[in-house]
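1. What follows is a protein structure lacking sequence information:
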(Lines give C-alpha, C1' and ligand atoms only; values in the text may rest on other atoms or scores of the structure.)
Protein backbone atom coordinates (compact mmCIF):
# COMPACT_ATOMS: atom_id res chain seq x y z
CA UNK A 1 0.00 0.00 0.00
CA UNK A 2 1.28 3.47 -0.93
CA UNK A 3 1.65 5.85 2.02
CA UNK A 4 4.01 8.57 0.75
CA UNK A 5 2.44 11.10 -1.65
CA UNK A 6 5.54 13.01 -2.72
CA UNK A 7 7.26 12.71 -6.11
CA UNK A 8 10.10 15.15 -5.47
CA UNK A 9 12.50 15.94 -2.65
CA UNK A 10 15.23 18.59 -2.58
CA UNK A 11 18.26 19.18 -0.38
CA UNK A 12 20.71 22.02 0.13
CA UNK A 13 24.15 20.42 0.02
CA UNK A 14 26.64 21.11 2.81
CA UNK A 15 29.74 20.15 0.85
CA UNK A 16 30.46 17.01 2.87
CA UNK A 17 27.39 14.76 2.68
CA UNK A 18 27.39 12.23 -0.15
CA UNK A 19 24.17 10.40 0.72
CA UNK A 20 20.67 11.72 0.12
CA UNK A 21 17.55 9.70 0.83
CA UNK A 22 14.24 9.77 -1.01
CA UNK A 23 10.93 8.73 0.63
CA UNK A 24 8.89 7.55 -2.35
CA UNK A 25 8.57 4.16 -3.99
CA UNK A 26 10.24 3.28 -7.29
CA UNK A 27 10.31 0.06 -9.31
CA UNK A 28 13.45 0.83 -11.34
CA UNK A 29 16.49 3.07 -11.00
CA UNK A 30 15.56 4.58 -14.37
CA UNK A 31 12.51 6.11 -12.72
CA UNK A 32 14.67 8.54 -10.72
CA UNK A 33 15.83 11.88 -12.11
CA UNK A 34 18.66 13.46 -10.13
CA UNK A 35 19.55 17.11 -10.65
CA UNK A 36 22.06 19.54 -9.16
CA UNK A 37 21.10 23.20 -9.45
CA UNK A 38 18.46 22.30 -12.02
CA UNK A 39 20.81 20.33 -14.31
CA UNK A 40 20.05 16.63 -14.61
CA UNK A 41 22.97 14.27 -14.07
CA UNK A 42 23.07 10.59 -14.98
CA UNK A 43 26.43 9.45 -13.60
CA UNK A 44 28.65 9.94 -10.53
CA UNK A 45 26.09 8.39 -8.14
CA UNK A 46 24.52 5.06 -7.27
CA UNK A 47 20.92 4.28 -6.28
CA UNK A 48 19.89 1.85 -3.54
CA UNK A 49 16.25 0.78 -3.29
CA UNK A 50 13.93 -2.20 -2.96
CA UNK A 51 10.76 -2.66 -5.00
CA UNK A 52 8.72 -3.73 -1.98
CA UNK A 53 9.75 -0.78 0.22
CA UNK A 54 9.05 2.91 -0.13
CA UNK A 55 12.15 5.07 -0.31
CA UNK A 56 15.84 4.54 -0.92
CA UNK A 57 19.22 6.22 -0.97
CA UNK A 58 21.41 8.02 -3.49
CA UNK A 59 25.16 8.08 -2.89
CA UNK A 60 27.40 10.43 -4.86
CA UNK A 61 31.01 9.63 -5.65
CA UNK A 62 31.88 13.19 -4.62
CA UNK A 63 29.83 15.35 -2.28
CA UNK A 64 27.95 18.15 -4.09
CA UNK A 65 29.47 21.56 -3.39
CA UNK A 66 28.15 23.69 -0.55
CA UNK A 67 24.78 25.41 -1.13
CA UNK A 68 24.07 23.53 -4.36
CA UNK A 69 20.49 22.25 -4.65
CA UNK A 70 20.14 18.50 -5.01
CA UNK A 71 16.78 17.35 -6.43
CA UNK A 72 15.52 13.78 -6.59
CA UNK A 73 12.33 13.21 -8.60
CA UNK A 74 10.36 10.13 -9.53
CA UNK A 75 9.22 10.02 -13.17
CA UNK A 76 7.12 7.01 -14.17
CA UNK A 77 5.90 5.81 -17.53
CA UNK A 78 2.13 6.19 -17.52
CA UNK A 79 1.24 2.62 -18.38
CA UNK A 80 -0.06 -0.67 -16.95
CA UNK A 81 2.18 -3.16 -15.18
CA UNK A 82 -0.06 -6.21 -15.71
CA UNK A 83 -2.32 -7.54 -18.42
CA UNK A 84 -5.01 -9.57 -16.68
CA UNK A 85 -6.50 -12.21 -18.93
CA UNK A 86 -10.12 -13.32 -18.86
CA UNK A 87 -10.28 -16.54 -16.87
CA UNK A 88 -6.59 -16.24 -15.99
CA UNK A 89 -4.71 -15.70 -12.76
CA UNK A 90 -6.09 -12.94 -10.55
CA UNK A 91 -3.74 -12.92 -7.57
CA UNK A 92 -4.05 -10.34 -4.83
CA UNK A 93 -0.32 -9.57 -5.07
CA UNK A 94 -0.59 -8.65 -8.74
CA UNK A 95 -3.73 -6.60 -8.19
CA UNK A 96 -2.18 -4.64 -5.33
CA UNK A 97 0.98 -4.01 -7.35
CA UNK A 98 -1.05 -2.74 -10.29
CA UNK A 99 -3.19 -0.48 -8.09
CA UNK A 100 -0.08 0.84 -6.33
CA UNK A 101 1.56 1.68 -9.63
CA UNK A 102 -1.54 3.47 -10.92
CA UNK A 103 -1.72 5.40 -7.64
CA UNK A 104 1.87 6.55 -8.15
CA UNK A 105 1.02 7.60 -11.71
CA UNK A 106 -1.91 9.66 -10.42
CA UNK A 107 0.39 11.30 -7.85
CA UNK A 108 2.73 12.26 -10.66
CA UNK A 109 -0.05 13.69 -12.83
CA UNK A 110 -1.40 15.62 -9.85
CA UNK A 111 2.06 17.06 -9.15
CA UNK A 112 2.56 18.17 -12.76
CA UNK A 113 -0.92 19.72 -12.93
CA UNK A 114 -0.21 21.59 -9.72
CA UNK A 115 2.83 23.20 -11.37
CA UNK A 116 1.08 23.93 -14.66
CA UNK A 117 -0.04 27.41 -15.70
CA UNK A 118 -3.73 27.85 -14.97
CA UNK A 119 -6.30 30.59 -14.56
CA UNK A 120 -7.66 31.81 -11.26
CA UNK A 121 -11.22 31.10 -10.23
CA UNK A 122 -12.21 34.70 -11.01
CA UNK A 123 -11.28 34.48 -14.71
CA UNK A 124 -14.31 34.27 -16.94
CA UNK A 125 -14.70 31.21 -19.13
CA UNK A 126 -13.45 32.26 -22.55
CA UNK A 127 -11.65 30.94 -25.60
CA UNK A 128 -7.96 31.38 -24.76
CA UNK A 129 -5.14 29.66 -26.62
CA UNK A 130 -2.27 28.75 -24.29
CA UNK A 131 -0.08 27.31 -27.04
CA UNK A 132 3.49 28.38 -26.30
CA UNK A 133 5.18 30.14 -29.27
CA UNK A 134 8.28 28.60 -30.80
CA UNK A 135 11.34 29.74 -28.80
CA UNK A 136 13.41 32.51 -30.37
CA UNK A 137 16.60 34.01 -29.01
CA UNK A 138 16.26 37.49 -27.51
CA UNK A 139 12.47 37.32 -27.24
CA UNK A 140 10.07 37.20 -24.34
CA UNK A 141 6.56 35.75 -24.16
CA UNK A 142 3.62 38.11 -23.50
CA UNK A 143 -0.15 38.17 -23.88
CA UNK A 144 -1.32 39.44 -27.26
CA UNK A 145 -3.41 42.61 -27.57
CA UNK A 146 -6.69 40.68 -27.72
CA UNK A 147 -5.75 38.86 -24.49
CA UNK A 148 -6.60 35.45 -25.90
CA UNK A 149 -3.16 34.05 -26.74
CA UNK A 150 0.58 34.28 -26.27
CA UNK A 151 3.13 35.84 -28.59
CA UNK A 152 6.80 36.77 -28.69
CA UNK A 153 8.21 40.28 -28.32
CA UNK A 154 11.74 41.47 -28.90
CA UNK A 155 13.18 41.82 -25.41
CA UNK A 156 15.94 44.18 -26.60
CA UNK A 157 13.39 46.64 -27.97
CA UNK A 158 11.43 46.54 -24.72
CA UNK A 159 14.61 47.19 -22.75
CA UNK A 160 15.50 50.03 -25.10
CA UNK A 161 12.07 51.61 -24.63
CA UNK A 162 12.43 51.23 -20.87
CA UNK A 163 15.81 52.95 -20.95
CA UNK A 164 14.37 55.79 -23.04
CA UNK A 165 11.55 56.19 -20.53
CA UNK A 166 14.15 56.31 -17.77
CA UNK A 167 16.05 59.02 -19.67
CA UNK A 168 12.84 61.00 -20.03
CA UNK A 169 12.10 60.63 -16.33
CA UNK A 170 15.62 61.80 -15.50
CA UNK A 171 15.18 64.91 -17.63
CA UNK A 172 11.84 65.63 -15.97
CA UNK A 173 13.41 65.21 -12.54
CA UNK A 174 16.22 67.59 -13.51
CA UNK A 175 13.60 70.04 -14.71
CA UNK A 176 11.73 69.78 -11.43
CA UNK A 177 14.94 70.31 -9.46
CA UNK A 178 15.80 73.30 -11.61
CA UNK A 179 12.35 74.79 -11.08
CA UNK A 180 12.67 74.33 -7.34
CA UNK A 181 16.04 76.08 -7.37
CA UNK A 182 15.24 78.87 -9.80
CA UNK A 183 11.64 79.65 -8.85
CA UNK A 184 11.36 83.25 -7.75
CA UNK A 185 14.78 84.27 -9.13
CA UNK A 186 15.96 85.78 -12.39
CA UNK A 187 18.16 82.80 -13.23
CA UNK A 188 15.77 81.24 -15.74
CA UNK A 189 18.32 80.26 -18.38
CA UNK A 190 18.95 76.90 -16.70
CA UNK A 191 15.23 76.13 -16.59
CA UNK A 192 14.83 77.04 -20.23
CA UNK A 193 17.68 74.70 -21.09
CA UNK A 194 15.99 71.82 -19.30
CA UNK A 195 12.76 72.48 -21.12
CA UNK A 196 14.64 72.49 -24.41
CA UNK A 197 16.17 69.13 -23.50
CA UNK A 198 12.68 67.68 -23.16
CA UNK A 199 11.58 69.12 -26.48
CA UNK A 200 14.67 67.74 -28.18
CA UNK A 201 14.00 64.32 -26.71
CA UNK A 202 10.39 64.39 -27.88
CA UNK A 203 11.36 65.51 -31.36
CA UNK A 204 13.94 62.76 -31.65
CA UNK A 205 11.61 60.11 -30.26
CA UNK A 206 8.43 61.20 -32.05
CA UNK A 207 9.55 63.43 -34.95
CA UNK A 208 6.23 63.08 -36.76
CA UNK A 209 3.99 63.65 -33.76
CA UNK A 210 5.38 66.72 -31.97
CA UNK A 211 6.06 70.24 -33.19
CA UNK A 212 8.84 72.58 -32.05
CA UNK A 213 6.80 73.55 -29.02
CA UNK A 214 6.41 69.95 -27.89
CA UNK A 215 2.73 69.87 -28.84
CA UNK A 216 1.03 67.01 -30.67
CA UNK A 217 0.63 67.91 -34.34
CA UNK A 218 -2.41 65.75 -35.10
CA UNK A 219 -5.32 66.40 -32.76
CA UNK A 220 -6.77 63.00 -33.63
CA UNK A 221 -3.98 61.24 -31.76
CA UNK A 222 -5.01 59.86 -28.38
CA UNK A 223 -3.38 57.79 -25.66
CA UNK A 224 -4.84 54.40 -24.85
CA UNK A 225 -4.89 52.62 -21.50
CA UNK A 226 -1.43 51.23 -22.16
CA UNK A 227 0.05 54.68 -22.61
CA UNK A 228 0.55 54.15 -26.35
CA UNK A 229 -0.05 56.97 -28.84
CA UNK A 230 -2.82 55.81 -31.15
CA UNK A 231 -5.32 57.29 -33.59
CA UNK A 232 -8.71 58.28 -32.23
CA UNK A 233 -11.62 60.63 -32.68
CA UNK A 234 -12.06 62.22 -29.27
CA UNK A 235 -10.30 65.49 -30.07
CA UNK A 236 -6.83 64.73 -28.73
CA UNK A 237 -5.21 63.88 -25.44
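-> Sure thing, it's come through. All values derive from a computational prediction rather than experimental measurement.
2. Next up, the contacts around the closest residue to residue 81 other than its chain neighbours.
-> Here the nearest residue to residue 81 in space, its sequence neighbours aside, is residue 101; by CB to CB, 6 or more residues apart in numbering that works out to 4.8 Å. (Each C-beta comes from the backbone N, C-alpha and C, glycine too.) Contact analysis of residue 101 by CB atoms under 8 Å, 6 or more residues apart in numbering lists 27, 76, 80, 81.
3. For residue 101, what is the enclosing helix or strand?
-> helix 92-114 (DSSP states H and E).
4. All the strands of the protein, residue numbers only.
-> In the chain, the strands defined using DSSP state E lie at 8-12, 19-22, 32-36, 39-41, 45-49, 56-60, 69-74, 139-143, 150-154, 221-223, 229-231.
5. just how off-centre is the longest one within its chain?
-> Going by CA atoms, centre = their mean, to the nearest Å, the spacing between the C-alpha centre of strand 69-74 and its chain's C-alpha centre is 20 Å.
6. likewise the fourth one?
-> The gap between where strand 39-41 is centred and where its chain is centred comes out at 20 Å by CA atoms, centre = their mean.
7. And the second one, by the same measure?
-> A distance of 29 Å separates the C-alpha centroid of strand 19-22 from that of its chain, computed with CA atoms, centre = their mean.
8. tell me the mean pLDDT over that strand?
-> In this model, strand 19-22 carries a mean pLDDT of 96.
9. From residue 175, how far out is the closest residue to residue 49 other than its chain neighbours?
-> The shortest distance from residue 49 to any non-neighbouring residue, by CB to CB, 6+ apart, is to residue 56 (3.2 Å). Going from residue 56 to residue 175 by CB to CB, to the nearest Å gives 67 Å.
10. Show me what the helix ranked longest in the chain is packed against.
-> What stands out as the longest helix in the chain, according to DSSP state H, is helix 155-182. Packing partners of helix 155-182 (3 or more CB pairs under 8 Å, 6 or more residues apart in numbering; DSSP states H and E): strand 139-143, helix 189-205.
11. Now residue 129: closest residue in space, sequence neighbours ignored.
-> Closest residue in space to residue 129, ignoring its immediate chain neighbours: residue 149 at 4.3 Å, by CB to CB, 6+ apart.
12. Wait, that neighbour touches residue 141, no?
-> No: Residue 149 is not in contact with residue 141 according to CB atoms under 8 Å; the separation is 10.6 Å.
13. I am finished for the moment; much appreciated.
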